[in-house]
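**Q** A predicted structure for the sequence below; I have some questions about it.
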2 protein chains.
Amino acid sequence: MEPEEFRAAAHALVDWIADYRERIPELPVQSQVKPGDVAGLLPVSAPAAPESFDAVLRDLDHVVVPGITQVQHPNYYGWFPSNATLSSVLGDFATAGLGALGITWQSAPSLTEVEEVVVAWLRELTGVPETWYGVIQDTASTACLVALLAARERATDYSETRGGLQAEPAPMTVYTTEYAHSSIPKAVALAGFGMDNLRVVETDPWTRALRPAALAEAIAADVAEGRRPVAVVVNIGTTGTTAVDPLAEIVPIAREHGMWVHVDAAMAGSALLLPEQRGLVDGLEGADSLTWNPHKWMGTVLDCSLMYVADPEHLVRVMATDPSYLRSTVDGSVTQFKDWGIPLGRRFRALKLWFQLRLDGVEAIRDRLRRDLANARWLADQVEAAPRWRVLAPVSLQTVVLRHEPPDVVSPDGEVLDGAALDAHTLSWVDAINDSGRAFITPAKLDGRWSVRVSIGAEPTTAADVAALWDLLRSTAERG
Amino acid sequence: MEPEEFRAAAHALVDWIADYRERIPELPVQSQVKPGDVAGLLPVSAPAAPESFDAVLRDLDHVVVPGITQVQHPNYYGWFPSNATLSSVLGDFATAGLGALGITWQSAPSLTEVEEVVVAWLRELTGVPETWYGVIQDTASTACLVALLAARERATDYSETRGGLQAEPAPMTVYTTEYAHSSIPKAVALAGFGMDNLRVVETDPWTRALRPAALAEAIAADVAEGRRPVAVVVNIGTTGTTAVDPLAEIVPIAREHGMWVHVDAAMAGSALLLPEQRGLVDGLEGADSLTWNPHKWMGTVLDCSLMYVADPEHLVRVMATDPSYLRSTVDGSVTQFKDWGIPLGRRFRALKLWFQLRLDGVEAIRDRLRRDLANARWLADQVEAAPRWRVLAPVSLQTVVLRHEPPDVVSPDGEVLDGAALDAHTLSWVDAINDSGRAFITPAKLDGRWSVRVSIGAEPTTAADVAALWDLLRSTAERG
């Protein structure tokens, strides 16, 4: 496509996107399509001849939008916030328009150096130790896998250059809690530790936070049986209830055994932009790596996961490649981010962070985060005050985990009389709300029973929206 | 940022991108900045208050563009083509503007189903077996890692759910050639096989293609010593010389031992769009997985790597996660791409493929690929006919590997008299061209000596550009 043709089409697309963003509040939050509906609207083969951009734009309306659960909607309270702030969309668009190739420093020096600067900005804004180094990964899943691979290799004197894990006589063990994100056990498995060597450490029954004494005991038991504790994944803001493991108490235990401490703050990291929330990661200076996702609550468009490490040498030793065709005359004096993760070719992801921070400014982002925290606190207060409603976990951030408990299935003092009926009731009213398209909330198992996660923090969600949600929750659940 | 503010800024950005694309031919191809130049132009902290979009746009010109090696330039002949076709940029922009969240089918049904349809279009267009299933990964590096993880787990009856590789008594071995992409040995290492268990199979000295008899011998030797051959990575279009391993001869050897056959056609896959090039992957129907990158030669903006597998069950068994909060009422009747790779959260990458195929049409893409193949053939003919110039490998695609051999360092019959002087000469004239900003080519080691890769296929590169390049090569090297 020639630049002039692009110019016309892109102007039309800009207006389409701006119009679309304006009308999101009128759209159903949960996509109403059925499996196969979208695919059924598309031809089975690619077009041989060019189509008009008008035809493509029409299909955005008719094919694509109906098939999207509107996570940018003010009444989206599902999973976690997945904001795509328009300032970051501009940066992402610039990235695509520039078409830069991130493989070495030489292939796009500004890609590397803007990334270094912007991750340093966010390091400062979030209170990550000044001595740490940062890089952007695509997701926290990848970042955790990278961290565990580094932990494995550091612990085996870089065995992958020899016999690999297969040559290891004493099994290495990894520790986290049952509330860790699903990507944590997945990374344990992919990295070759084996699920037998993943220790699910006991948590506090109310806070769902790791119990340091239980961690120490689990480590001691493994050591006594000849195993080698090598890593602990500390969850700051779990997916289920935003539980916060006590990092400051975990670090000295892990340090005693030379273990790698990876801090998974994928969701909660945005809160570190607020100085009053820094207590979430007390003890961080003794850890090895931290990941958090600007593409969640902070609002950077997918995908953008920040990874900070105390010592990048461990990443480089595990991830570096050095083919001759990537030689350049400046090697050794520049950062080569290709050696800090799995992919060789990288997008210029730093631009969207750079654009967002400059166009929105940090204070406006902070104001929005504080608004969401206040809205969550308000909702929790309403739930706690309402008969037959219960808040099921501490509200440490912007997610409220709640349940409505009808009198026939839960006794006045909170004893569950009929668990199956309670689960059916919960799923029924949640599905009714989601299917209505009026709001989107997420059911999740907690202690073996279905609960409801109301995760506040979509960019446009106001206090009035949350008040309306509370009315909707009550009218739907209490009617059921 | 509000939609109306976005509208104004995005229109300005559209014009900036169109203007930028138009003036790329006037820019130096290789970035002229020195290490630290870009970072030195940026403030050390993020702005607290919003900046104007004008200020950001100005910095695209003053900070970002000078720090980019212009891979969209007509005189870019480096690494491999890394085209960012403007039709795909539109799709990528739509992806960002929509801000959809790809975690489950339910979170964005059209994200999943457009991806299924578009990867099926490309399956048909490239002759991949109809019974295979496709998914988009970020890069071929990730795809190869995913394939090797699947191979490892299939071969160990899914050991990661138990003791992991550490419980394996007999080392598993993986086979490829010395010309495999750097991500292949990296994946072998990351997946825990260990570099001791990577077999570098002998190649033909001229074609650099794997010798099937040598593969069979290496496998037999490992089996005889109690090791377990589990995977072979077949290179279709190596990075060095676009060498093509004989897939049809490799498959029966691998099949005999139940090995996983992964086909890495990251660069060459685009050529499969041409029916006359399908011979490149003869034998594919007996393989297990294939990866190729539309983000290279075909021109889809980074990042977009297609991965096809004969049986997705192996991916799902290795990659699936099933937390309760991702439950939905349609589970089981839809594709969940989160279970086909490492990340949970995924961008709507299919849109850029969809836009590009519709807006450009397949025939125009094919015409461009054929143009590049003809340009490479033409250049190779000139090099072969010129005294003191040599083509160093078969020109199987669009990359010509060549060398200028001055009389004092190479004898008339091709014997290298002074290798160090030949290397110094080669690097000297390549650096002179790259530093001039007039064209960009890539030096690479071949058989221990520096050679020059001229990789033709930037979207705007015409026959006239290649003719001018040949003049530039001659005048620079012969002057040296």
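**A** Alright, I've got the coordinates. Numbers count the residues shown, from 1 in each chain, chains lettered A, B, ... in the order given.

**Q** Quick one: the strands in the stretch 51-200 of chain A, in order.
**A** In the stretch 51-200 of chain A, the strands defined using DSSP state E, counting those that start in this stretch lie at A:76-77, A:133-137, A:172-177, A:198-201.

**Q** which other helices and strands contact the last one?
**A** Using 3 or more C-beta pairs under 8 Å, 6 or more residues apart in numbering or on different chains; DSSP states H and E as the contact criterion, the elements in contact with strand A:198-201 are strand A:172-177, helix A:212-224. (C-beta placed from N, C-alpha, C; glycine too.)

**Q** near chain B at all, the helix or strand following the last one?
**A** The reference is to helix A:212-224. With elements assigned by DSSP states H and E, the helix or strand that comes after helix A:212-224 is strand A:228-235. No. Residues of strand A:228-235 are not located near chain B by C-beta under 8 Å from any C-beta of the partner chain, the shortest gap being 10.2 Å.

**Q** Direction included, what does strand A:228-235 pair against?
**A** strand A:172-177 (parallel), strand A:260-264 (parallel) (DSSP bridges).

**Q** CSV for those strands, including mean neighbour count and mean pLDDT?
**A** Below are the strands paired with strand A:228-235 laid out as CSV (neighbours: other C-beta atoms under 10 Å in any protein chain shown; pLDDT from 0 to 100):
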stretch, mean neighbour count, mean pLDDT
strand A:172-177, 26, 95
strand A:260-264, 28, 93
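
**Q** So is stretch A:355-363 next to chain B?
**A** Yes. Counting by C-beta under 8 Å from any C-beta, chain B is contacted by stretch A:355-363 at A:355, A:357-363.

**Q** top of the residues you listed by neighbour count?
**A** Compared across these, A:Phe355 has the highest neighbour count, 31 neighbours, by other C-beta atoms under 10 Å in any protein chain shown.

**Q** these two touch, right, that one and A:Leu86?
**A** No. Contact criterion C-beta atoms under 8 Å: A:Phe355 and A:Leu86 do not qualify, at 9.7 Å.

**Q** For A:Val201, which residues are in contact?
**A** A:175-177, A:210-211, A:214-215, A:218 (C-beta atoms under 8 Å, 6 or more residues apart in numbering or on different chains).

**Q** so what's it bridging to?
**A** A:Thr177.

**Q** Which pLDDT value does the model give it?
**A** Listed pLDDT for A:Val201 reads 98.

**Q** how near is it to A:Val232?
**A** 8 Å (C-beta to C-beta, to the nearest Å).

**Q** joint contacts of those two?
**A** Contact criterion C-beta under 8 Å, 6+ apart; residues bridging A:Val201 and A:Val232 by contacting each: A:175-176, A:215.

**Q** per-residue confidence for the closest residue to A:Arg358 other than its chain neighbours?
**A** Nearest residue to A:Arg358 in three dimensions, chain neighbours excluded: B:Glu51, at 4.5 Å (C-beta to C-beta, 6 or more residues apart in numbering or on different chains). Looking at B:Glu51, its pLDDT reads 90.

**Q** same thing with the one 3 residues further on?
**A** According to the per-residue confidence, B:Asp54 scores 94 in pLDDT.

**Q** How about it, nearest residue that isn't a chain neighbour?
**A** Per C-beta to C-beta, 6+ apart, closest to B:Asp54 is B:Ala12, 8.0 Å.

**Q** Tally up the residues packed near the one you found, please.
**A** 16.

**Q** these two touch, right, it and B:Ala55?
**A** No. The pair formed by B:Ala12 and B:Ala55 falls short of the contact definition of C-beta under 8 Å, at 11.9 Å.

**Q** A:Asp372 - that's part of a helix, no?
**A** Yes. Using DSSP: H, G, I helix; E, B strand; the rest coil, the secondary structure at A:Asp372 is a helix.

**Q** Now do the same contact list for it.
**A** A:Asp372 is in contact with A:81, A:297, A:398, A:456-457, A:461, counting by C-beta under 8 Å, 6+ apart.

**Q** residues in the stretch 251-400 of chain A within reach of chain B, list them.
**A** A:293, A:295, A:301-303, A:318-319, A:321-327, A:329-330, A:333-334, A:342-347, A:351, A:354-355, A:357-364.

**Q** Of those, just the buried ones, ChimeraX syntax please.
**A** Buried residues among those (16 or more other C-beta atoms under 10 Å in any protein chain shown), as a ChimeraX selection:
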select /A:293,295,301,302,303,318,319,321,324,325,326,327,334,342,343,344,345,346,347,351,354,355,357,358,359,360,361,362
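
**Q** Which of the residues of the stretch 251-400 of chain A next to chain B fall in helices?
**A** A:318-319, A:351, A:354-355, A:357-360, A:362-364 (DSSP state H).

**Q** TSV for these, including pLDDT?
**A** Below are those laid out as TSV (pLDDT from 0 to 100):
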residue	pLDDT
A:Val318	85
A:Met319	82
A:Leu351	87
A:Trp354	90
A:Phe355	89
A:Leu357	89
A:Arg358	88
A:Leu359	88
A:Asp360	88
A:Val362	89
A:Glu363	91
A:Ala364	92
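
**Q** Tell me where the stretch 301-450 of chain A has strands.
**A** With DSSP E, counting those that start in this stretch as the criterion, the stretch 301-450 of chain A has strands spanning A:305-309, A:389-391, A:399-404, A:440-446, A:449-455.

**Q** Next, format those strands as CSV and append mean pLDDT and mean neighbour count.
**A** What follows is those, written out as CSV (pLDDT from 0 to 100; neighbours: other C-beta atoms under 10 Å in any protein chain shown):
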stretch, mean pLDDT, mean neighbour count
strand A:305-309, 90, 26
strand A:389-391, 97, 17
strand A:399-404, 96, 25
strand A:440-446, 92, 22
strand A:449-455, 95, 23
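
**Q** Look up how far B:Ala167 lies from the nearest residue to A:Val29 once chain neighbours are set aside.
**A** Nearest residue to A:Val29 in three dimensions, chain neighbours excluded: A:Phe440, at 4.0 Å (C-beta to C-beta, 6+ apart). Distance, A:Phe440 to B:Ala167, by C-beta to C-beta: 43 Å.

**Q** try A:Ala432
**A** Applying C-beta to C-beta, the value for A:Ala432 to B:Ala167 is 48 Å.

**Q** and A:Leu272, that's in a helix?
**A** Yes. Applying three-state DSSP, one finds A:Leu272 inside a helix.

**Q** Give me the mean pLDDT for stretch A:422-430.
**A** Mean pLDDT, computed over stretch A:422-430, is 96.

**Q** Check whether that stretch comes near chain B.
**A** No. Under the criterion of C-beta under 8 Å from any C-beta, chain B is not reached by stretch A:422-430; the shortest gap measures 8.8 Å.

**Q** Run the chain-centre distance for that stretch.
**A** 27 Å (C-alpha atoms, centre = their mean, to the nearest Å).

**Q** Could you list the residues in contact with it?
**A** A:403-406, A:409-410, A:416, A:441-443, A:449-452, A:473, A:476-477, A:480.

**Q** ok, the residue nearest to A:Val29 - contacts?
**A** By C-beta under 8 Å, 6+ apart, the neighbours of A:Phe440 are A:29-30, A:69-71, A:73, A:75-78, A:433-434.

**Q** okay if I get those residues as a markdown table plus distance to A:Asp59, pLDDT and neighbour count?
**A** Below are the contacts of A:Phe440 laid out as a markdown table (distance: C-beta to C-beta, whole Å; pLDDT from 0 to 100; neighbours: other C-beta atoms under 10 Å in any protein chain shown):
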| residue | distance to A:Asp59 | pLDDT | neighbour count |
| --- | --- | --- | --- |
| A:Val29 | 22 | 90 | 26 |
| A:Gln30 | 21 | 90 | 26 |
| A:Thr69 | 18 | 91 | 31 |
| A:Gln70 | 18 | 92 | 26 |
| A:Val71 | 21 | 89 | 26 |
| A:His73 | 21 | 90 | 26 |
| A:Asn75 | 26 | 91 | 25 |
| A:Tyr76 | 24 | 87 | 28 |
| A:Tyr77 | 29 | 88 | 31 |
| A:Gly78 | 26 | 85 | 28 |
| A:Ile433 | 29 | 92 | 23 |
| A:Asn434 | 26 | 90 | 23 |
